[in-house]
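>>> build me a structure from this.
(chains A and B)
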Amino acid sequence: MPAVSKGDGMRGLAVFISDIRNCKSKEAEIKRINKELANIRSKFKGDKALDGYSKKKYVCKLLFIFLLGHDIDFGHMEAVNLLSSNKYTEKQIGYLFISVLVNSNSDLIRLINNAIKNDLSSRNPTFMNLALHCIANVGSREMAEAFAAEVPRILVAGDTMDSVKQSAALCLLRLYRTSPDLVPMGEWTARVVHLLNDQHLGVVTAATSLIITLAQKNPDDFKTSVSLAVARLSRIVTSASTDLQDYTYYFVAAPWLSVKLLRLLQCYPPPEDAAIRGRLTECLETILNKAQEPPKSKKVQHSNAKNAVLFEAISLIIHHDSEPTLLVRACNQLGQFLQHRETNLRYLALESMCTLASSEFSHEAVKTHIETVINALKTERDVSVRQRAVDLLYAMCDRSNAKQIVAEMLSYLETADYSIREEIVLKVAILAEKYAVDYTWYVDTILNLIRIAGDYVSEEVWYRVIQIVINRDDVQGYAAKTVFEALQAPACHENLVKVGGYILGEFGNLIAGDPRSSPLIQFDLLHSKFHLCSVPTRALLLSAYIKFINLFPEVKGTIQEVLRSDSQLRNADVELQQRAVEYLRLSCIASTDILATVLEEMPPFPERESSILAKLKRKKGSGTVSDIEENRKERNTNVNGGVNHSSANTNAKVTSSSSTDLLGLGSNTAINSTPPPGPSTAASLLVDVFSETSPTGPLGAPSAPVSDDNFSRFVCKNNGVLYENQLLQIGLKSEFRQNLGRMYVFYGNKTSTQFLNFSASVVCQDALRAQLNVHAKPADPTIDGGAQLQQILNIECVSDFVEAPVLNIQFRYGGTLQNIAVKLPVTLNKFFQPTEMTSQDFFQRWKQLSAPQQEVQKIFKAKHSMDTEVTKAKIIGFGVALLDGVDPNPSNFVGAGVIHTKTTQVGCLLRLEPNTQAQMYRLTLRTSRDSVSQRLCDLLSDQF
Amino acid sequence: MMRFLLLFSRQGKLRLQKWFLPLPEREKKKIIRDMTTMVLARNPRTCNFLHWKDLKIVYKRYASLYFCCALEEQDNELLALEVLHRYVELLDKYFGNVCELDIIFNFEKAYFILDEFLMGGEIQETSKLTIAKSIEASDMLQETMEEYMSKPAF
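Okay, here's the model as predicted:
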């Protein structure tokens, strides 16, 4: 083999590189580089035309400088010139420079594309490969636009060389990944599938990669690949190790191709054809059997390649989730690996078992390994292995072993690596809540979390415990007692002070009967922590104190004394000062009745999903930094939004409730039963307990809270996005005629992972069952990563109705069961048929419908700007005919329509009168049926 | 698909970077920093895999160089280790007992060899013979050319 001497070709480059290496300091390096840059620049600008060799050398130097981490702002043109050289090495360097350095500079792209075009049509396989590599390396949209049609042609042309076919397949894959819309499907697709039969294993390998991705997006078009893949796999698995010549890798037959084929099969359900299915099962059994054979080589490469195929086969078995014997064999095999001396195999076995734990067939089998996994948590020396053990424990947790698993995780937390503590805290919090049979255990667990890893207990976690305690009165006394005891510790975490302050402020009275925790003792205990705490915590404590004044009149004096002290009333922090002043004033002026009303116990929180889960998912953020930053940005705006939202709320209450006048505190002091929001994190305490960004269903919970966030948007339109979280997007298209409707629901998998066991059903509850028939056609049980699934709902309106049906969605994603429930926007107005009528007709009917129960009227404030055109569009979207020239006042809107139900038809008239000065509307509905008038009025008044 | 491949020394000096999806320079630098600190901090005899964001990191040390790549969720880690190994074998075959210096001084060759082997983050050709043959062919072209260039100007 020729050795390094070939590098001598560019001696100047070698000299430059060793110069750089000899630089003693960063400054010296920069100096040397600047000198070189100046030199190159002068050469490029010089009068003497450079020969190809020098150009190549200088371009290569620039590339080297760039790869060292310095900016390069010239030389692109020279590199592009190299592309059209007919000397291979010059072309090659030109292409390398372009691949590494090109940014979508449009002038250059055109020149580059030209050069590529020439090379692609050169029929010289080496040049064609260079060009295809360049397209794949840059892969920009411009390139896709220019070549997305050409590359498939090269791929399937009969006279294309094998090596070019390989490049073309992967180049096309690259373009399809970034610009799927630009790659036209066509007759080439069928021919691509047949590349699976190609004689050249390199071509098959490259083509399989392409087919996997295409099949994920267009499963039907590539169905035939299943039988071909099984046949190919079977030939490889049964081949003697020498058959495949150089494609045998350390005695393993074509491991790359085998893994790809197994991967391709994971895009599809088990083959329906019994013969193919049997052949596949044989392959999988053979692979499992080989795992038990003695190794053919002691080299790690041999065992890695062999086990790579084995793990991929196990993934396929788990994916099919249909052959109990194979599943059990897979589980046993992984069980062996759990105790293997190779750390890599233990790691992968833990990882695979996580997915196996979500299969019904094997969940129990996985649970039998609990002791081994707990042992791994305790003894593994490698943190990433321990982390996988935590994941597996989380995945195998159910009601039967929750207490044991939570206890083990808690004890591991004491010594866990800092990098994974927060994640463990979140997992423990989720499991403790999900499997809590008695909530005292839950409270204990969370307080333990704070004690062991207080710094890693995020807001979401301690908000959640407060939320649960407030909502469950059976645990309030216990919680008060427990936090009181926990606060006795001489040094306790600030998060504990927060939880303690909040809970004692609400429920301190439940333990005040015990002389050991009398009101004064409770207060002294809390106040002893006060000076050690940060501002938000102090603010929270002040709110707890004012709540104490209400709960325990006997300590009023003591607390007033504290509030009155200079350190409070004149605190440098404006938030603390304001609270002290207001609370003091409130406690002096208000009567006990008013105090009791203002400082009443917090009302239960609406049952919505905790933000802990969302947080856990966020932690597994995506691979690009910008996404992470976006997430963070989103969170920030959310927090801010939350604050604004809360203060707007309180202000609204202040102006509308008469009790503020009674208090005589002036209308701009925002006080009601909740403590006033502060400027910092404490502000979001009450509002942000719920994550507003991601209404994700809880994992494996029996029923998910019903999301209706976008419901009202669909009252006046039929298409749009109904629901979206990090995993799933649900889009709707619907059409209605008379009393019938058809709704197309589109489920988009936003992840790159397949959703399994997908099901979506529609439930009409209670009275609605008799009023509305919804028939959902069964949906496919899998949605591939990035793919969309369509489901059709047929709807029949039997009689008028108020409630909306609920769409329940379930699927498995990465081993966990997701539950999502969304209110389906099937509303009464969908069954409108517009009715045109003359002014005379209108008023005649209006008069006929003048019985008091037939009319419903509502006056309300405009939520959006009062734009006439928008209002018209909304009324038409609502389903009625918009009648012009009926109302004597041209700025009023009048509409008429008939609601069609199976049993009856209801005529409706409506009138909407805007008052732009007051920013108010008056909406009047008259129908022959009072329930219809009421419902329509409610629906429509919400839209303006 | 493989998202990126990095080669760096024990001192954290980057020797080769290949990005299979385009990223802004700033982001690349951040990833390089994260990878070197994470991987270099690992103890010997720990496993070769890490989770990082939603990617799987697979790395292996060969002499003074770390080979480190990022995979997507559904990719096979063990096989990725062998991708790294095959790349080392190819470098070895080309340079003859490859060392870090070979890669520093012939970085463009290291990129060319990689291009023969991987494309768009997927395996293009696994046969050592086939790859070696096509690299050889390009060197033949180059050698003819060097000879031509080294002739004194007339």
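>>> drop to CA atoms for contacts and neighbour counts, all remaining ones
Fine.
>>> hey, what's the nearest residue to residue A:763 once chain neighbours are set aside bridged with?
Distances taken as C-alpha to C-alpha, 6 or more residues apart in numbering or on different chains put residue A:806 closest to residue A:763, at 5.2 Å, once the chain neighbours are dropped. Beta-bridge partners for residue A:806, by DSSP bridges, are residue A:763, residue A:823.
>>> list the contacts of residue A:806.
Residue A:806 is in contact with A:706, A:762, A:763, A:764, A:821, A:822, A:823, A:824, counting by C-alpha atoms under 8 Å, 6 or more residues apart in numbering or on different chains.
>>> for those residues, which one is nearest chain B?
residue A:821 (26.4 Å; C-alpha to the nearest C-alpha).
>>> that closest one - how many residues pack around it?
24 (other C-alpha atoms under 10 Å in any protein chain shown).
>>> helix or strand: which one has it?
strand A:816-823 (DSSP states H and E).
>>> after that strand, next one along is what?
Trace forward from strand A:816-823 with DSSP H and E and the next one is strand A:832-834.
>>> mind checking how far the helix or strand immediately after that next one in the chain is from the chain centre?
Sequence-wise, the next helix or strand downstream of strand A:832-834 (DSSP H and E) is helix A:839-848. On the basis of C-alpha atoms, centre = their mean, to the nearest Å, helix A:839-848 sits 53 Å off its chain's mean C-alpha point.
>>> hey, where'd the strands end up in chain B?
B:2-9, B:14-19, B:49-52, B:55-62, B:65-71, B:118-119, B:122-123 (DSSP state E).
>>> turn these into CSV, including distance to residue A:56, mean pLDDT and mean neighbour count.
Output for the strands of chain B, formatted as CSV (distance: least, C-alpha to C-alpha, whole Å; pLDDT from 0 to 100; neighbours: other C-alpha atoms under 10 Å in any protein chain shown):
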stretch, distance to residue A:56, mean pLDDT, mean neighbour count
strand B:2-9, 24, 96, 21
strand B:14-19, 20, 94, 19
strand B:49-52, 38, 92, 20
strand B:55-62, 31, 96, 21
strand B:65-71, 28, 97, 24
strand B:118-119, 24, 95, 24
strand B:122-123, 29, 94, 22
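>>> run through chain B and note the low-pLDDT ranges.
B:141-154 (pLDDT under 70).
>>> same thing but at 50, please
Filtered on pLDDT under 50, chain B yields the residue ranges B:148, B:151-154.
>>> now stretch A:530-538: how far from the chain's centre is it?
Computed by C-alpha atoms, centre = their mean, the separation of stretch A:530-538 from the middle of its chain amounts to 35 Å.
>>> hmm, residue A:280 is touching residue A:232, no?
No - in this structure, residue A:280 is not within contact of residue A:232 by C-alpha atoms under 8 Å, at 10.4 Å.
>>> burial of residue B:43, as a residue count?
Neighbours of residue B:43 using other C-alpha under 10 Å come to 11.
>>> ok, residue A:535 - contacts?
By C-alpha under 8 Å, 6+ apart, the neighbours of residue A:535 are A:573, A:576.
>>> now do the helices in the stretch 651-800 of chain A.
Remark: helices assigned in the stretch 651-800 of chain A by DSSP state H, counting those that start in this stretch are A:659-663, A:768-771.
>>> comparing the ones you listed, which yields the minimum mean pLDDT?
When the helices of the stretch 651-800 of chain A are ranked by mean pLDDT, helix A:659-663 comes last with a mean of 33.
>>> quick check: which element contains residue A:155?
Following DSSP H and E, one finds residue A:155 within helix A:150-156.
>>> next one: that helix to chain centre, how far?
The answer for helix A:150-156 is 36 Å, by C-alpha atoms, centre = their mean.
>>> on the three-state scheme, residue A:490 is what?
coil (DSSP: H, G, I helix; E, B strand; the rest coil).
>>> with residue A:896 instead?
On the basis of three-state DSSP, residue A:896 is classed as strand.
>>> now do it against residue A:881, distance only.
Using C-alpha to C-alpha, to the nearest Å, one gets 5 Å for the distance from residue A:896 to residue A:881.
>>> shared neighbours of these two, which are they?
A:834, A:835, A:836.
>>> so which of these is the most crowded?
Using other C-alpha under 10 Å as the neighbour test, those are led by residue A:834, with 19 neighbours.
>>> bridge partners for it, pull those for me.
Beta-bridge partners, per DSSP bridges, of residue A:834: residue A:897.
>>> can you give me the end-to-end span of stretch A:912-921?
End-to-end distance of stretch A:912-921: 7 Å, with C-alpha to C-alpha as the criterion.
>>> equivalent analysis for stretch A:761-779, please.
The separation between the terminal residues of stretch A:761-779, taken as C-alpha to C-alpha, is 9 Å.
>>> distance from it to the middle of the chain?
29 Å.
>>> that one: which residues count as buried?
A:761, A:762, A:763, A:764, A:768, A:771, A:772, A:773, A:774, A:776, A:779 (16 or more other C-alpha atoms under 10 Å in any protein chain shown).
>>> quick revisit: for the helix holding residue A:155, name the packing helices and strands.
helix A:162-178, helix A:188-193 (3 or more C-alpha pairs under 8 Å, 6 or more residues apart in numbering or on different chains; DSSP states H and E).
>>> most packed of the ones you listed?
Greatest average neighbour count among those goes to helix A:162-178 (a mean of 25), per mean count of other C-alpha atoms under 10 Å in any protein chain shown.
>>> nearest to residue A:366 among the strands of chain B would be which one?
Residue A:366 lies closest to strand B:49-52 among the strands of chain B, at 22.4 Å (C-alpha to C-alpha).
>>> the closest one and chain A, are they touching?
Yes - Strand B:49-52 is in contact with chain A by C-alpha under 8 Å from any C-alpha of the partner chain, via B:49, B:50, B:51, B:52.
>>> so the one helix or strand residue A:290 maps to, near chain B or not?
Element membership of residue A:290 [criterion: DSSP H and E] is helix A:274-292. No - applying C-alpha under 8 Å from any C-alpha, one finds helix A:274-292 out of contact with chain B, separated by at least 14.8 Å.
>>> send the alpha carbons of that helix over as PDB?
Extracted in PDB, the C-alpha atoms of helix A:274-292 (Å, rounded to 0.1, in the frame of the first residue of the first chain):
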ATOM      1  CA  ALA A 274     -47.900 -17.400   6.200                       C
ATOM      2  CA  ALA A 275     -44.900 -18.600   4.200                       C
ATOM      3  CA  ILE A 276     -43.000 -15.300   4.400                       C
ATOM      4  CA  ARG A 277     -43.900 -15.100   8.100                       C
ATOM      5  CA  GLY A 278     -42.600 -18.600   8.700                       C
ATOM      6  CA  ARG A 279     -39.400 -17.800   6.900                       C
ATOM      7  CA  LEU A 280     -38.900 -14.700   8.900                       C
ATOM      8  CA  THR A 281     -39.500 -16.500  12.200                       C
ATOM      9  CA  GLU A 282     -36.900 -19.100  11.100                       C
ATOM     10  CA  CYS A 283     -34.400 -16.300  10.500                       C
ATOM     11  CA  LEU A 284     -35.100 -14.800  13.900                       C
ATOM     12  CA  GLU A 285     -34.700 -18.200  15.500                       C
ATOM     13  CA  THR A 286     -31.500 -18.800  13.700                       C
ATOM     14  CA  ILE A 287     -30.100 -15.500  14.900                       C
ATOM     15  CA  LEU A 288     -31.200 -16.200  18.500                       C
ATOM     16  CA  ASN A 289     -29.600 -19.700  18.200                       C
ATOM     17  CA  LYS A 290     -26.400 -18.300  17.000                       C
ATOM     18  CA  ALA A 291     -26.100 -16.200  20.200                       C
ATOM     19  CA  GLN A 292     -25.800 -19.500  22.100                       C
END
